[in-house]
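S.K.: I'd like to go over a predicted model; first the sequence, then the structure.
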Amino acid sequence: MMRPKITESTEDAEVIALKALSFLATDPERLSRFMDLSGLGIGDIRASAEDPAFLGGVLDHLLADDSLLLIFAEEHGLKPERIGQLRRKLPGAAIDF
């Protein structure tokens, strides 16, 4: 018997991205690196947290760092490739994830 294919929605992607943002925010070194690379401050991050394009950028940040991606995926019971699949649901995704 074949299993039904799981389809993720934009909402699923946004939820994972918000979890990723929380994951970054709970560790000062992770958050500092994210802010340094993105050029954003805390206020900018708070103001952008509901923007799907920003959330896509959060997932891009995870996907660009294998060790960070693996830690996040393990802590949230996800396969790393699922995060790449969800990333495609948000604006600005590269097609090679």
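M.R.: Yep, it's here. Numbers count the residues shown, from 1 in each chain.
S.K.: Can you show me the strands along the protein?
M.R.: In the chain, no segments count as strands under DSSP state E.
S.K.: now the helices for it?
M.R.: For the chain, applying DSSP state H gives helices covering 10-25, 28-38, 42-48, 52-63, 66-75, 80-87.
S.K.: okay if I get those helices as CSV plus mean neighbour count?
M.R.: Where you see a C-beta, it was placed from the backbone N, CA and C, and this is true even at glycine. Supplementary listing: those in CSV, determined by neighbours: other CB atoms under 10 Å:
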stretch, mean neighbour count
helix 10-25, 18
helix 28-38, 14
helix 42-48, 12
helix 52-63, 21
helix 66-75, 14
helix 80-87, 18
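S.K.: And these: which comes nearest Ala93?
M.R.: Nearest of those to Ala93, taken as CB to CB: helix 80-87 at 5.2 Å.
S.K.: Please tabulate the helices of the chain in CSV and include distance to Ala93 and mean pLDDT as additional columns.
M.R.: Formatted as CSV, the entries for these read as follows, by distance: least, CB to CB, whole Å; pLDDT from 0 to 100:
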stretch, distance to Ala93, mean pLDDT
helix 10-25, 9, 96
helix 28-38, 17, 96
helix 42-48, 17, 94
helix 52-63, 6, 96
helix 66-75, 15, 97
helix 80-87, 5, 94
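S.K.: Closest to the mean position in this protein, which residue would that be?
M.R.: If you average the C-alpha coordinates of the chain and look for the closest C-alpha using CA atoms, centre = their mean, you land on Leu59, 2.5 Å from that point.
S.K.: That's all I had, so thanks and see you.
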